[in-house]
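**Student:** Give me a model of this one.
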Amino acid sequence: MPIVVRLDVELARRKMSVGEFAERVGLTPANVAVLKNGRAKAVRFATLDAMCRVLGCQPGDLLEWVDDEDAPDGGAGDEG
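**Tutor:** Modelled structure (predicted):
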């Protein structure tokens, strides 16, 4: 998927634990893990707003678009 979640980078910059972040944003630690590990298929704007408020950042600090061709696997297997 061409959208990469950089939540781990922002948490590390602030030395914030997943548990503290989850509590402050209103997510379960399991849902934070889904975001951190790139398994999320969608993020609600309200959740993104809360994440940015807690971290004091912009959405672009958390989300990055990467061209499929630049992905490590070269985008192989995406289309038949």
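
**Student:** The residue nearest to residue 40 when sequence neighbours are not counted: how many residues sit nearby?
**Tutor:** Nearest residue to residue 40, sequence neighbours excluded (Cβ to Cβ, 6 or more residues apart in numbering): residue 34, at 5.1 Å. Bear in mind the C-beta positions are built from the backbone N, C-alpha and C, glycine included. For residue 34, the count of nearby residues is 15 (other Cβ atoms under 10 Å).

**Student:** now residue 40
**Tutor:** 17.

**Student:** what helix or strand does the residue nearest to residue 40 sit in?
**Tutor:** helix 29-36 (DSSP states H and E).

**Student:** cool, residue 52 as well?
**Tutor:** Following DSSP H and E, one finds residue 52 within helix 45-55.

**Student:** Can you list the buried residues in that helix?
**Tutor:** For helix 45-55, burial by neighbour count (16 or more other Cβ atoms under 10 Å) applies to 47, 51, 52, 54, 55.

**Student:** Just give me the closest of those residues to residue 19.
**Tutor:** residue 54 (12.8 Å; Cβ to Cβ).

**Student:** Contacts for the helix holding residue 52, please.
**Tutor:** Surrounding helix 45-55, the residues in contact under the criterion Cβ atoms under 8 Å, 6 or more residues apart in numbering are 7, 10-11, 14, 16, 21, 24-27, 58-59, 61-62.

**Student:** what do you get for stretch 16-27?
**Tutor:** With Cβ under 8 Å, 6+ apart, stretch 16-27 has contacts from 11, 28, 29, 31, 32, 33, 36, 47, 50, 51, 54, 55.
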